[in-house]
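A.B. asks: Quick check, what structure comes out for this input:
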Amino acid sequence: MRKFLLFILILLCQNTIYANDGAYFASGNQLIPIQETDISVQKEILNIKKINNQFIEVSVYYEFFNPGADKEIIVGFEAMSPQGDVDGAPKKGLHPYMHDFTVTMNGNNLKYQVSYVADSLYNQQGKIKSIDLKTFGGNISGNYVDFFYVYHFKAKFKKGKNIVKHTYKFDVSGSVDYRYDFEYVLTAANRWANKQIDDFTLNVDMGDFEEFDIQKTFFTNKEDWKINGIGKKKDVKGSPNGIKDKDAVTFYVQDGSLTFHKKNFKPKGELFIYSLNTYLQSMNNKEIDFYLPFSIHQQEKLAIDEPISSLQRKIFRNLPFARRGFVFQDKDLKSYYERIPWYMPNPAYVADSKKVSQVEQKWISKWK
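C.D. replies: Below you'll find the model as predicted:
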């Protein structure tokens with residue numbers, strides 16, 4: 001039997017190499033009122049986009065409503081510290097794996113401060129109580145630190161509608177099991193006066209040719225999601241002792257993004273997006289039991305033990321065309337790809353090696 005090497009995918013992210021426990025950089029979070037307020041969230045449009053397989057870009061549009069006179073309150077953003085094969089110490093006073101934090105309110109840029117806090121009691125009568133890292137008794141550097149970050153700013157809410165726009169980026173987290181994972185804390189929206197988001201829209205764009213899961217923590221039906229483009233979705237049952245510990249929906253997105261929209265949205269759980277690493281298994285000439293990845297980024301990491309059979313080479317060589325839904329007439333290719341979960345036949349697609357990515361062109365040449 002000619003075997004593939006069972007490989008461990010080592011994810012590289014900005015020169016950080018993950019050990020077996022991986023690296024968890026941070027979670028996104030709703031903006032929160034640091035003090036009690038009667039201001040409500042009328043509308044939110046949350047956009048999450050993976051860029052070049054290196055970082056997650058988050059941009060949020062809020063419409064807040066202030067029913068009374070003009071008022072100024074402190075608003076905050078809680079960023080959990082990184083864990084795993086990373087260093088959680090601040091870089092230039094900021095979260096080490098969060099970048100380009102910005103806030104604008106009613107068209108004006110707002111200045112913010114960063115505090116280090118060790119527990120949820122950092123808010124005392126509307127003021128931030130920050131620890132002093134020079135005298136703090138817990139861990140302040142290394143793989144696990146005993147504090148987290150709060151980005152906070154003064155927000156002047158005029159009477160009526162107020163528009164806040166907010167952006168930041170997180171480096172992509174990952175591990176042996178997860179190619180990437182991202183968490184966004186939705187339940188923090190319950191801290192505003194109306195205890196909900198009156199009109200909530202979530203747009204998720206993880207890139208083309210991506211297979212990923214979203215856990216059913218704040219929704220129950222895969223039909224709550226709209227695919228804007230070419231893709232498909234399926235329900236996945238969680239296994240208590242496995243990697244997928246909660247029910248989820250797996251999305252196979254060839255081209256496009258996802259949208260979730262809900263009125264009177266009262267989030268009961270957080271957003272978890274993750275993509276599992278692909279492992280090649282053994283195979284022989286009679287039985288093919290391997291799984292080729294939908295993601296081009298996973299393709300680049302495959303470690304393969306050569307030589308392989310002509311059939312295997314043919315299957316590998318046609319991977320870029322299968323991703324785009326080419327309908328195969330060859331019985332071997334047809335038999336293999338029609339049982340791959342991400343395959344989406346498209347009779348209108350005409351295979352052209354010159355119109356795939358440069359990475360895929362090299363892949364085709366390799367398996368000729």
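A.B. asks: can you pull out the helices in the stretch 201-350 of the chain?
C.D. replies: If DSSP state H, counting those that start in this stretch is used as the criterion, the helices of the stretch 201-350 of the chain fall at 296-299, 310-317, 319-323, 331-337.
A.B. asks: Name the residues of the shortest one that are buried.
C.D. replies: What that stands for is helix 296-299. Buried residues in helix 296-299, counted by 16 or more other CB atoms under 10 Å: 296-299. For the C-beta atoms, the positions are set from N, CA and C on the backbone; glycine is no exception.
A.B. asks: from the residues you listed, which single one is nearest Lys91?
C.D. replies: Nearest to Lys91 among these is His297, at 26.0 Å by CB to CB.
A.B. asks: where in this structure is pLDDT low?
C.D. replies: Low-confidence segments of the chain (pLDDT under 70): 1-22, 24, 239-245, 279-290, 303-307.
A.B. asks: could the helices of the stretch 201-350 of the chain go into JSON lines alongside distance to Asn47?
C.D. replies: Converted to JSON lines, the helices of the stretch 201-350 of the chain look like this (distance: least, CB to CB, whole Å):
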{"stretch": "helix 296-299", "distance to Asn47": "21"}
{"stretch": "helix 310-317", "distance to Asn47": "36"}
{"stretch": "helix 319-323", "distance to Asn47": "25"}
{"stretch": "helix 331-337", "distance to Asn47": "33"}
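A.B. asks: Same list, the buried residues of helix 296-299, but as CSV with distance to Phe212 please.
C.D. replies: As requested, these are exported to CSV (distance: CB to CB, whole Å):
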residue, distance to Phe212
Ile296, 14
His297, 12
Gln298, 11
Gln299, 16
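A.B. asks: Quickly name whichever of these is closest to Gly28.
C.D. replies: Using CB to CB, His297 is the member of the buried residues of helix 296-299 that lies nearest Gly28, at 21.3 Å.
A.B. asks: Was I right to think Lys161 contacts Glu63?
C.D. replies: Yes - counting by CB atoms under 8 Å, Lys161 sits close enough to Glu63 to count as a contact (5.8 Å).
A.B. asks: what touches both of the two?
C.D. replies: The contact sets of Lys161 and Glu63 overlap at Gln42 (CB atoms under 8 Å, 6 or more residues apart in numbering).
A.B. asks: wait, Phe65 sits on Val164?
C.D. replies: No - using CB under 8 Å, Phe65 is not in contact with Val164; the gap is 11.7 Å.
A.B. asks: quick one on the thing from earlier: would you mind telling me which of the helices of the stretch 201-350 of the chain is nearest Ala118?
C.D. replies: Nearest to Ala118, of all the helices of the stretch 201-350 of the chain, is helix 296-299, at 37.0 Å by CB to CB.
A.B. asks: packing partners for that closest one?
C.D. replies: Packing partners of helix 296-299 (3 or more CB pairs under 8 Å, 6 or more residues apart in numbering; DSSP states H and E): helix 358-366.
A.B. asks: Give me the buried positions along stretch 98-110.
C.D. replies: For stretch 98-110, by 16+ other CB under 10 Å, it's 98, 101, 103, 105, 110.
A.B. asks: okay, the residues you listed in TSV with secondary structure and distance to Gln83 next?
C.D. replies: What follows is those, written out as TSV (DSSP: H, G, I helix; E, B strand; the rest coil; distance: CB to CB, whole Å):
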residue	secondary structure	distance to Gln83
Met98	strand	14
Phe101	strand	20
Val103	strand	26
Met105	strand	32
Leu110	coil	29
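A.B. asks: closest to Lys331 among those?
C.D. replies: Taking CB to CB as the measure, Lys331 sits nearest to Met98 out of those, at 51.3 Å.
A.B. asks: The closest one against Lys169, yeah?
C.D. replies: Yes - here Met98 reaches Lys169: they are 6.9 Å apart, a contact under CB under 8 Å.
A.B. asks: Out of the helices of the stretch 201-350 of the chain, which one sits most buried?
C.D. replies: Neighbour counts (mean count of other CB atoms under 10 Å) averaged over each of the helices of the stretch 201-350 of the chain peak at helix 319-323, with a mean of 23.
A.B. asks: So what's the gap between that one and the chain middle?
C.D. replies: 24 Å (CA atoms, centre = their mean, to the nearest Å).
A.B. asks: and it, what other elements does it pack with?
C.D. replies: Using 3+ CB pairs under 8 Å, 6+ apart, helix 319-323 sits against helix 358-366.
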